[in-house]
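K.L.:
After the sequence you'll find the predicted model.
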Amino acid sequence: MHVTRWAQRQMMTFHRRIFVQQIYVVQTSDPDVLITLPDIVPTSCCNCFRRLSNVNQICMKRKRGVDHEEKTKEDTSALTSTATSGQKPKCYTYWLMKSEPDSRIEKGVDVKFGIDDLKACEDQTACWDGVRNYQARNFMRDDMKVGQKMFFYHSNTKIPGIAAVCEIVKESYPDHTQFDPKDIHYDASAKKESPRLFMVDVKFERMLKRFIPLTELKQLFLKHKDSGGPLSNLALFTRARLSVQPLTKEEWDFILSLEDKEPDSSG
């Protein structure tokens, strides 16, 4: 049997053998891959392994070509977990959430949902469904709490920007769209007993006194990046692909203050 396949099988066995105290490392033909496995290696294969004395120093190296979903999971772990780093994660209580105000047909369905659509909903409240990015999903599932505020951001439109303030009124629960084969967000691998996608409910609170466009926010971001201002690490530009983005209180307060200022005097 090829040693790499054998090693992978042994590693699965390792996770079920809590008495193991030693670990070996397999050096495969791929220089980017190391496979760790337990001290249950047959004598005949010992020339394939190198013993390491300190188990705590052993780690699994990934191949460089990690797909976006896996990389997103790794990035999320760095933000929300203290298991490996021992550092206290940031606790976010403000959010910016993107939605498309203009009609766009995807798989025969119009994905349009702007602030006017939210206002037209019963009690001006709606579920925020269809979030497929795992980091965005984790923010909704793990960090969003009832009473927290969010900016309603119009994306994928002629003039993108922040239109309104909303409130989180229901914490995370399974996103129903993942179970519907007719829905564009259907996920065949999702099961009701182990859902993959989650959503929250949001309620319209008020429109901003003026629309704050992306171009204005970008100018401020570039200015603050050089000067160390409150928007120097704004996720809208540092994690632009996320549809659900965390904001610090300093970022929230600064952006909210812009509605009372003229665009050219807001820096």
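P.N.:
Now that the structure is in, tell me what you want to look at.

K.L.:
switch to C-alpha atoms for all contacts and neighbour counts from now on
P.N.:
Will do.

K.L.:
can you give me the strands in the protein?
P.N.:
For the chain, the strands defined by DSSP state E occupy 23-27, 34-38, 49-52, 94-99, 105-106, 109-110, 125-127, 149-154, 161-174, 198-213, 244-247.

K.L.:
Tell me which of the ones you listed sits nearest to residue 255.
P.N.:
Closest of the strands of the chain to residue 255 is strand 198-213, at 8.5 Å (criterion: CA to CA).

K.L.:
strand partners of that closest one, parallel vs antiparallel please.
P.N.:
Strand pairing for strand 198-213, determined by DSSP bridges: strand 125-127 (antiparallel), strand 161-174 (antiparallel).

K.L.:
For residue 226, find the nearest of those strands.
P.N.:
Among the strands paired with strand 198-213, the nearest to residue 226 by CA to CA is strand 161-174 (22.5 Å).

K.L.:
got the buried residues for that closest one?
P.N.:
161-172, 174 (16 or more other CA atoms under 10 Å).

K.L.:
same question, stretch 255-266
P.N.:
By neighbour count on 16+ other CA under 10 Å, the buried set for stretch 255-266 is 255-256, 258.

K.L.:
Stretch 217-232 now?
P.N.:
217, 220-222, 224, 229-232.

K.L.:
Out of those, which comes closest to residue 127?
P.N.:
Among those, residue 217 lies closest to residue 127 (CA to CA), at 27.1 Å.

K.L.:
quick one: contacts for the closest one?
P.N.:
The contact partners of residue 217, taken as CA atoms under 8 Å, 6 or more residues apart in numbering, number zero.

K.L.:
same check, this time on residue 231
P.N.:
So residue 231 contacts 220-221, 224-225, 251, 254 (CA under 8 Å, 6+ apart).

K.L.:
For it, give its distance to residue 102.
P.N.:
Going from residue 231 to residue 102 by CA to CA, to the nearest Å gives 28 Å.

K.L.:
How is the protein divided into domains?
P.N.:
Using automatic domain parsing, the domain ranges for the chain come out as 3-13+20-65, 94-265.

K.L.:
how about TSV for those, with mean pLDDT added?
P.N.:
Shown next, in TSV, are those (pLDDT from 0 to 100):
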stretch	mean pLDDT
domain 3-13+20-65	39
domain 94-265	95
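
K.L.:
Let me know which of those is tucked in deepest.
P.N.:
Highest mean neighbour count among the domains of the chain (mean count of other CA atoms under 10 Å): domain 94-265, with a mean of 17.

K.L.:
re earlier: generate CSV for the strands paired with strand 198-213, with distance to residue 98 as supplementary columns.
P.N.:
Output for these, formatted as CSV (distance: least, CA to CA, whole Å):
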stretch, distance to residue 98
strand 125-127, 13
strand 161-174, 9
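
K.L.:
Show me which of the contacts of residue 231 is closest to residue 182.
P.N.:
Nearest to residue 182, judged by CA to CA, of these is residue 251 at 39.2 Å.

K.L.:
Return the residues in contact with the closest one.
P.N.:
230-231, 234.

K.L.:
Now tabulate the residues you listed in CSV and tack on distance to residue 121.
P.N.:
Converted to CSV, the contacts of residue 251 look like this (distance: CA to CA, whole Å):
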residue, distance to residue 121
230, 34
231, 33
234, 30
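
K.L.:
Nearest to residue 263 among these?
P.N.:
Of all the contacts of residue 251, residue 263 sits closest to residue 231, with 15.4 Å by CA to CA.

K.L.:
Can you give me the separation between that closest one and residue 168?
P.N.:
Residue 231 is 23 Å from residue 168, by CA to CA.

K.L.:
now swap in residue 158 and tell me
P.N.:
Applying CA to CA to residue 158 and residue 168 gives a distance of 27 Å.

K.L.:
Cool, thanks, signing off.
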